[in-house]
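J.: predicted structure and sequence below. I'll ask about it afterward.
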Amino acid sequence: MTFTADAHERLDKALARWLPAHSRARLVKLIDAGEVLVNTKTAKPSLMLEVGWTVEVPVISEAAEHDLTPADIPLEIAYEDEYLLVVNKPRGLAVHPASTLKEPSMVNALLARNHELSGTGGSYRPGIVHRLDKDTTGLLVVAKTDAVHVALARQIAGKTAERRYMAVVAGRVEREKFTIEAGIGRSKRNRLLMAVDHNGKPAITHVKVLARVDAGTLVGCRLETGRTHQIRVHLSAVAHPVLGDRLYAPKEFQKTPLQLHSAYLSFVHPVTEKQITCTANTPPDFLASAVGKEQLDPF
């Protein structure tokens, strides 16, 4: 795989941005092993790239085997052409295989369709540019070619692709619009969870009240960054956890399905250069009625 540097930044940081499916630690090991070439030469992880430099990365094999058997699982497609597709993921469907996952994932469903998928994200994540948690519903984009995958990943990392979510949260949110800007890192109490950490990776979530509902407050969330569990961690940190969140909400708010839905996705098509905008209605078990596109306008 060959990339062209598009910013003045460290080599390891650039690889982590281009290849989000792989950990930064693993990418550093590749660099240290001399398998990553910058302008045909080996380099250190701390090397500062200049715009236009060429970075060559080997195909990264996966350490663990995953079940990649095609599965006949119907998918709701919001948009598709020969280069990419946008899937409206249902609740309970994991995006990709994992060693702890026994049932088929969305990747298995994609492999059953008659088209190519990009390999940039790794052998067990064909086509997957970004992900949603298993119980989060809604839109995500899938790449059919490596070039399209890289271009889409750059848009997501560069904040030009826009993702907006709807969530039903506990309590009455008083402020109509506000921004949560708080770093996120691994929880010191439970390394399997994330937590607000001022020394963690920067994370920004914009929040807008959409409606008052019987269960709590329906809010829209626009991401500027894409940290693991970002919306769930941020909303929990301001005392308005997402209902149904079994990781970050108090037990009294865990009785419903997870009330988090990726409702809006907009990006520039890497090939046609047209703006692609998709919206998806909330699932039947969402505790608030579907909200129109106009209510999720930029905020």
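T.: Thanks, I have the structure now. Numbers count the residues shown, from 1 in each chain.
J.: burial count for Leu192?
T.: 7 (other CB atoms under 10 Å). From N, CA and C alone the C-beta is placed, and that goes for glycine too.
J.: next, it: secondary structure please.
T.: Counting by DSSP: H, G, I helix; E, B strand; the rest coil, the backbone at Leu192 sits in coil.
J.: numbering from 40 from now on, please.
T.: All right, first residue 40 from here; so that's Leu231.
J.: and the pLDDT at it?
T.: Note on Leu231: pLDDT of 80.
J.: got the domain ranges for this structure?
T.: Structural domains annotated on the chain: 41-95, 115-200+305-330, 203-300, as defined by automatic domain parsing.
J.: how far out from the middle of the chain is the longest one?
T.: Domain 115-200+305-330 has its C-alpha centroid displaced from the chain centroid by 9 Å (CA atoms, centre = their mean, to the nearest Å).
J.: next, the distance between the ends of stretch 115-128.
T.: Stretch 115-128 has an end-to-end distance of 7 Å (criterion: CA to CA, to the nearest Å).
J.: what's next to it, contact-wise?
T.: The contact list for stretch 115-128, computed with CB atoms under 8 Å, 6 or more residues apart in numbering, reads 114, 129, 134, 145, 154, 171, 175-184, 187, 191, 301, 304, 308-310, 315, 317-319.
J.: how about the domains of the chain in JSON lines, adding distance to His105?
T.: Listed next are these as JSON lines, based on distance: least, CB to CB, whole Å:
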{"stretch": "domain 41-95", "distance to His105": "12"}
{"stretch": "domain 115-200+305-330", "distance to His105": "4"}
{"stretch": "domain 203-300", "distance to His105": "20"}
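J.: quick one: the helices in the stretch 140-289 of the chain?
T.: For the stretch 140-289 of the chain, helices defined by DSSP state H, counting those that start in this stretch occupy the ranges 145-150, 185-196, 269-276.
J.: Asn127 looks like it's in a strand, true?
T.: Yes: assessed with three-state DSSP, Asn127 lies in a strand.
J.: roughly how far apart are it and Val258?
T.: Distance of Asn127 to Val258, computed by CB to CB, to the nearest Å: 20 Å.
J.: again with Glu291
T.: Separation of Glu291 from Val258 (CB to CB): 19 Å.
J.: how about Leu54?
T.: Counting by CB to CB, the separation of Leu54 from Val258 is 35 Å.
J.: just Leu304 next, same as before
T.: From Leu304 over to Val258 the distance is 18 Å, taken as CB to CB.
J.: and what of Pro113?
T.: Following CB to CB, the distance that separates Pro113 from Val258 is 30 Å.
J.: give me the more crowded residue out of those two.
T.: Neighbour count, other CB under 10 Å: between Pro113 and Val258, Val258 has more, with 24 against 8.
J.: show the pLDDT at the more buried one.
T.: 96.
J.: before we move on, what about the one 3 residues further on?
T.: Reported pLDDT at Arg261 in the predicted model: 94.
J.: hmm, Ala200 and it touching each other?
T.: No: using CB atoms under 8 Å, Arg261 is not in contact with Ala200, being 11.6 Å away.
J.: give the other helices and strands that the helix or strand bottoming out on mean pLDDT in the chain contacts.
T.: The helix or strand of the chain with the lowest confidence, counting by mean pLDDT, DSSP states H and E, is helix 63-71 at a mean of 84. With contacts taken as 3 or more CB pairs under 8 Å, 6 or more residues apart in numbering; DSSP states H and E, helix 63-71 sits against helix 50-57.
J.: what does the helix it packs on contact?
T.: Taking CB under 8 Å, 6+ apart as the rule, helix 50-57 contacts 42, 44, 46, 61, 63, 66-67, 69-70, 75, 77, 82-88, 94, 96, 189, 192-193, 196.
J.: buried among these? Make that a PyMOL selection.
T.: Those of the contacts of helix 50-57 that count as buried under 16 or more other CB atoms under 10 Å are selected in PyMOL with:
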select buried, resi 42+44+61+66+67+69+70+75+77+82+84+86+88+94+96+189+192+193+196
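J.: follow-up on the earlier one: now the least confident helix or strand of the chain against helix 50-57, angle please.
T.: Relative orientation of helix 63-71 versus helix 50-57 (axes from the mean of the first three to the mean of the last three CA atoms, to 10 degrees): 130 degrees.
J.: helix 63-71: what's the following helix or strand?
T.: Proceeding N to C from helix 63-71, the next assigned helix or strand is strand 76-77, under DSSP states H and E.
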